[in-house]
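A.B. asks: Dropping a prediction and its sequence here:
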Amino acid sequence: MRKTRKSVSTKKGISHCKALKETQEDFIMLPTVDFCFKELMQNDNIRKNIIAALLNVPPSEVENTELMPTILRKESKDDKYGILDVRVKLKDGEQIDFEMHILELSKLPPEEKNETSLLQWMRFLGGKNRKDFKEMAKKNSELEEAYDVLDKLSADEKKRLEYETRQRAIRDYNIGMLTAERRGIESGRKIGREEGRAEGETLGVSRINQLILELSKHGRTDDIVKAAADEEYQKKLLEEFDL
(Lines give C-alpha, C1' and ligand atoms only; values in the text may rest on other atoms or scores of the structure.)
Protein backbone atom coordinates (compact mmCIF):
# COMPACT_ATOMS: atom_id res chain seq x y z
CA MET A 1 0.00 0.00 0.00
CA ARG A 2 2.82 2.35 0.89
CA LYS A 3 4.52 1.68 -2.43
CA THR A 4 1.34 2.65 -4.26
CA ARG A 5 1.10 5.96 -2.39
CA LYS A 6 4.74 6.71 -3.10
CA SER A 7 4.21 5.94 -6.78
CA VAL A 8 1.20 8.27 -6.99
CA SER A 9 3.11 11.01 -5.16
CA THR A 10 6.10 10.64 -7.48
CA LYS A 11 3.87 10.84 -10.57
CA LYS A 12 2.27 14.03 -9.27
CA GLY A 13 5.70 15.55 -8.67
CA ILE A 14 6.88 14.63 -12.17
CA SER A 15 3.67 16.01 -13.69
CA HIS A 16 4.06 19.29 -11.78
CA CYS A 17 7.71 19.67 -12.84
CA LYS A 18 6.78 18.93 -16.47
CA ALA A 19 3.98 21.54 -16.41
CA LEU A 20 6.34 24.10 -14.83
CA LYS A 21 9.01 23.40 -17.45
CA GLU A 22 6.48 23.78 -20.29
CA THR A 23 5.30 27.10 -18.82
CA GLN A 24 8.86 28.38 -18.57
CA GLU A 25 9.67 27.28 -22.12
CA ASP A 26 6.46 28.88 -23.43
CA PHE A 27 7.25 32.23 -21.74
CA ILE A 28 7.79 35.14 -24.08
CA MET A 29 8.00 38.86 -23.39
CA LEU A 30 5.23 41.11 -24.67
CA PRO A 31 6.20 44.28 -26.60
CA THR A 32 3.29 46.11 -24.93
CA VAL A 33 5.48 46.17 -21.81
CA ASP A 34 7.71 49.18 -22.48
CA PHE A 35 10.89 47.40 -21.30
CA CYS A 36 10.47 44.78 -24.02
CA PHE A 37 9.64 47.37 -26.69
CA LYS A 38 12.73 49.37 -25.84
CA GLU A 39 14.90 46.25 -26.05
CA LEU A 40 13.46 45.39 -29.46
CA MET A 41 14.21 48.92 -30.68
CA GLN A 42 17.88 48.44 -29.79
CA ASN A 43 18.11 46.19 -32.85
CA ASP A 44 19.09 48.23 -35.91
CA ASN A 45 17.09 46.18 -38.43
CA ILE A 46 13.92 46.05 -36.36
CA ARG A 47 14.14 49.79 -35.66
CA LYS A 48 14.71 50.52 -39.35
CA ASN A 49 11.77 48.37 -40.48
CA ILE A 50 9.35 49.83 -37.92
CA ILE A 51 10.38 53.40 -38.81
CA ALA A 52 9.98 52.62 -42.54
CA ALA A 53 6.49 51.24 -41.86
CA LEU A 54 5.53 54.33 -39.88
CA LEU A 55 6.85 56.65 -42.60
CA ASN A 56 5.24 54.48 -45.30
CA VAL A 57 8.46 54.11 -47.26
CA PRO A 58 10.42 50.99 -48.31
CA PRO A 59 13.11 50.00 -45.75
CA SER A 60 15.70 50.51 -48.52
CA GLU A 61 14.91 54.25 -48.43
CA VAL A 62 15.98 54.47 -44.77
CA GLU A 63 19.75 54.87 -44.77
CA ASN A 64 20.32 55.16 -41.05
CA THR A 65 18.44 55.28 -37.72
CA GLU A 66 19.94 56.30 -34.42
CA LEU A 67 18.22 55.61 -31.09
CA MET A 68 18.64 58.74 -29.01
CA PRO A 69 19.57 58.45 -25.32
CA THR A 70 16.24 59.12 -23.65
CA ILE A 71 14.07 57.86 -20.82
CA LEU A 72 11.07 55.89 -21.96
CA ARG A 73 8.08 57.96 -20.96
CA LYS A 74 4.29 57.81 -21.21
CA GLU A 75 1.98 60.55 -22.41
CA SER A 76 -0.91 59.16 -20.35
CA LYS A 77 -1.81 56.15 -18.20
CA ASP A 78 -3.67 54.62 -21.18
CA ASP A 79 -0.62 54.50 -23.46
CA LYS A 80 0.35 50.95 -24.36
CA TYR A 81 4.04 51.80 -24.06
CA GLY A 82 6.25 54.84 -23.97
CA ILE A 83 7.80 57.09 -26.60
CA LEU A 84 11.35 56.78 -27.92
CA ASP A 85 13.26 59.51 -29.74
CA VAL A 86 14.90 58.27 -32.96
CA ARG A 87 17.01 60.21 -35.43
CA VAL A 88 16.37 59.02 -38.98
CA LYS A 89 18.38 59.72 -42.13
CA LEU A 90 16.81 58.91 -45.51
CA LYS A 91 18.75 58.13 -48.70
CA ASP A 92 17.86 61.48 -50.25
CA GLY A 93 19.74 63.18 -47.42
CA GLU A 94 16.69 64.26 -45.43
CA GLN A 95 17.08 63.91 -41.67
CA ILE A 96 14.17 63.52 -39.28
CA ASP A 97 14.09 63.65 -35.50
CA PHE A 98 11.39 61.07 -35.09
CA GLU A 99 9.40 60.68 -31.85
CA MET A 100 7.93 57.18 -31.92
CA HIS A 101 4.14 57.29 -32.68
CA ILE A 102 1.61 56.07 -30.13
CA LEU A 103 0.18 52.96 -31.75
CA GLU A 104 -3.39 52.25 -30.71
CA LEU A 105 -3.06 48.49 -30.70
CA SER A 106 -6.51 47.91 -29.21
CA LYS A 107 -8.23 49.55 -32.23
CA LEU A 108 -6.87 47.32 -34.99
CA PRO A 109 -9.39 46.28 -37.68
CA PRO A 110 -10.04 42.57 -38.40
CA GLU A 111 -7.12 40.95 -40.21
CA GLU A 112 -7.18 40.98 -44.02
CA LYS A 113 -4.98 39.72 -46.84
CA ASN A 114 -2.21 41.95 -48.23
CA GLU A 115 -2.10 44.24 -45.20
CA THR A 116 0.27 47.18 -45.03
CA SER A 117 3.61 46.76 -43.29
CA LEU A 118 2.45 49.10 -40.53
CA LEU A 119 -0.62 46.97 -39.74
CA GLN A 120 1.53 43.83 -39.68
CA TRP A 121 3.95 45.46 -37.23
CA MET A 122 1.09 46.68 -35.08
CA ARG A 123 -0.34 43.17 -34.90
CA PHE A 124 3.08 41.83 -33.99
CA LEU A 125 3.66 44.42 -31.27
CA GLY A 126 0.20 43.62 -29.86
CA GLY A 127 0.83 39.85 -29.73
CA LYS A 128 -0.45 38.08 -26.60
CA ASN A 129 1.47 34.79 -26.58
CA ARG A 130 4.17 32.72 -28.30
CA LYS A 131 1.66 31.17 -30.69
CA ASP A 132 0.64 34.64 -31.94
CA PHE A 133 4.25 35.62 -32.59
CA LYS A 134 5.06 32.33 -34.35
CA GLU A 135 2.10 32.73 -36.70
CA MET A 136 2.99 36.34 -37.52
CA ALA A 137 6.66 35.42 -38.07
CA LYS A 138 5.54 33.33 -41.06
CA LYS A 139 4.26 36.43 -42.87
CA ASN A 140 7.63 37.95 -43.81
CA SER A 141 11.35 37.95 -42.98
CA GLU A 142 11.09 41.22 -41.02
CA LEU A 143 8.64 39.77 -38.50
CA GLU A 144 10.58 36.49 -38.44
CA GLU A 145 13.71 38.38 -37.38
CA ALA A 146 11.74 40.28 -34.75
CA TYR A 147 10.38 37.00 -33.36
CA ASP A 148 13.91 35.54 -33.17
CA VAL A 149 15.13 38.59 -31.24
CA LEU A 150 12.10 38.41 -28.94
CA ASP A 151 12.72 34.69 -28.36
CA LYS A 152 16.38 35.24 -27.42
CA LEU A 153 15.49 38.21 -25.26
CA SER A 154 12.93 36.11 -23.39
CA ALA A 155 15.51 33.36 -22.77
CA ASP A 156 17.92 35.82 -21.11
CA GLU A 157 17.43 35.34 -17.33
CA LYS A 158 18.72 38.81 -16.43
CA LYS A 159 16.50 40.51 -19.04
CA ARG A 160 13.53 38.41 -17.92
CA LEU A 161 14.02 39.56 -14.32
CA GLU A 162 14.10 43.22 -15.46
CA TYR A 163 11.02 42.62 -17.62
CA GLU A 164 9.03 41.02 -14.79
CA THR A 165 10.07 43.79 -12.39
CA ARG A 166 8.83 46.40 -14.85
CA GLN A 167 5.64 44.40 -15.48
CA ARG A 168 4.88 44.32 -11.74
CA ALA A 169 5.55 48.06 -11.46
CA ILE A 170 3.08 48.77 -14.30
CA ARG A 171 0.48 46.46 -12.74
CA ASP A 172 0.88 48.09 -9.31
CA TYR A 173 0.60 51.54 -10.88
CA ASN A 174 -2.58 50.59 -12.74
CA ILE A 175 -4.12 49.05 -9.61
CA GLY A 176 -3.22 52.21 -7.66
CA MET A 177 -4.81 54.43 -10.31
CA LEU A 178 -7.94 52.26 -10.42
CA THR A 179 -8.24 52.31 -6.63
CA ALA A 180 -7.83 56.09 -6.55
CA GLU A 181 -10.42 56.45 -9.31
CA ARG A 182 -12.91 54.27 -7.43
CA ARG A 183 -12.31 56.23 -4.24
CA GLY A 184 -12.90 59.45 -6.13
CA ILE A 185 -16.17 58.13 -7.57
CA GLU A 186 -17.37 56.92 -4.17
CA SER A 187 -16.38 60.22 -2.57
CA GLY A 188 -18.35 62.07 -5.25
CA ARG A 189 -21.37 59.87 -4.66
CA LYS A 190 -21.14 60.44 -0.89
CA ILE A 191 -20.99 64.20 -1.36
CA GLY A 192 -23.94 63.99 -3.76
CA ARG A 193 -25.96 61.95 -1.26
CA GLU A 194 -25.16 64.38 1.53
CA GLU A 195 -26.07 67.38 -0.62
CA GLY A 196 -29.28 65.66 -1.71
CA ARG A 197 -30.18 64.81 1.86
CA ALA A 198 -29.46 68.37 3.01
CA GLU A 199 -31.55 69.73 0.16
CA GLY A 200 -34.37 67.33 1.04
CA GLU A 201 -34.24 68.33 4.68
CA THR A 202 -34.36 72.03 3.75
CA LEU A 203 -37.33 71.39 1.46
CA GLY A 204 -39.08 69.41 4.21
CA VAL A 205 -38.67 72.20 6.76
CA SER A 206 -40.00 74.71 4.22
CA ARG A 207 -43.15 72.59 3.59
CA ILE A 208 -43.81 72.19 7.35
CA ASN A 209 -43.45 75.95 7.87
CA GLN A 210 -45.96 76.61 5.11
CA LEU A 211 -48.34 74.05 6.63
CA ILE A 212 -48.13 75.75 10.04
CA LEU A 213 -48.87 79.12 8.41
CA GLU A 214 -51.91 77.70 6.56
CA LEU A 215 -53.28 76.04 9.69
CA SER A 216 -52.76 79.26 11.68
CA LYS A 217 -54.67 81.26 9.07
CA HIS A 218 -57.60 78.90 9.48
CA GLY A 219 -57.36 78.89 13.27
CA ARG A 220 -56.60 75.18 13.37
CA THR A 221 -54.11 75.30 16.25
CA ASP A 222 -55.14 71.85 17.48
CA ASP A 223 -54.14 70.38 14.11
CA ILE A 224 -50.70 72.00 14.44
CA VAL A 225 -50.10 70.16 17.73
CA LYS A 226 -51.53 66.90 16.36
CA ALA A 227 -49.41 67.11 13.19
CA ALA A 228 -46.25 67.56 15.27
CA ALA A 229 -47.00 64.30 17.16
CA ASP A 230 -48.44 62.23 14.29
CA GLU A 231 -46.40 61.91 11.07
CA GLU A 232 -49.23 60.24 9.14
CA TYR A 233 -51.63 63.04 10.06
CA GLN A 234 -48.93 65.52 9.01
CA LYS A 235 -48.74 63.92 5.55
CA LYS A 236 -52.53 64.03 5.28
CA LEU A 237 -52.54 67.75 6.03
CA LEU A 238 -49.74 68.41 3.51
CA GLU A 239 -51.84 66.71 0.83
CA GLU A 240 -54.92 68.66 1.94
CA PHE A 241 -53.13 71.97 1.38
CA ASP A 242 -51.32 70.65 -1.71
CA LEU A 243 -47.87 71.30 -0.21
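C.D. replies: Thanks, I have the structure now.

A.B. asks: least trustworthy helix or strand in the protein by mean pLDDT?
C.D. replies: The weakest-scoring helix or strand in the chain, judged by mean pLDDT, DSSP states H and E, is helix 2-26 (a mean of 56).

A.B. asks: Enumerate the beta-bridge partners assigned to residue 87.
C.D. replies: Residue 87 has these beta-bridge partners by DSSP bridges: residue 66, residue 97.

A.B. asks: Please look at it and residue 100 and confirm they touch.
C.D. replies: No. With contact defined as Cβ atoms under 8 Å, residue 87 does not reach residue 100; the gap is 11.9 Å. From N, CA and C alone the C-beta is placed, and that goes for glycine too.

A.B. asks: out of these two, which sits in the busier spot?
C.D. replies: Legend: neighbour count by other Cβ atoms under 10 Å for residue 87 and residue 100, higher for residue 100 (20 against 13).

A.B. asks: Residue 58 is in contact with residue 48, isn't it?
C.D. replies: No. In this structure, residue 58 is not within contact of residue 48 by Cβ under 8 Å, at 10.8 Å.

A.B. asks: Neighbour count for these two, which is higher?
C.D. replies: A direct count of neighbours by other Cβ under 10 Å for residue 58 and residue 48 places residue 48 higher, at 19 against 11.

A.B. asks: Okay, buried residues for the helix or strand encompassing the more buried one please.
C.D. replies: According to DSSP states H and E, residue 48 maps onto helix 44-55. Residues of helix 44-55 classed as buried: 46, 47, 48, 49, 50, 51, 52, 53, 54 (neighbour count, 16 or more other Cβ atoms under 10 Å).

A.B. asks: Go through those residues and say which is closest to residue 162.
C.D. replies: Ranked by distance to residue 162 (Cβ to Cβ), the buried residues of helix 44-55 are led by residue 46 at 18.7 Å.

A.B. asks: What pLDDT does the model give residue 163?
C.D. replies: Here, the pLDDT recorded for residue 163 equals 92.

A.B. asks: Report the mean per-residue pLDDT for stretch 207-220.
C.D. replies: For stretch 207-220, mean pLDDT rounds to 72.
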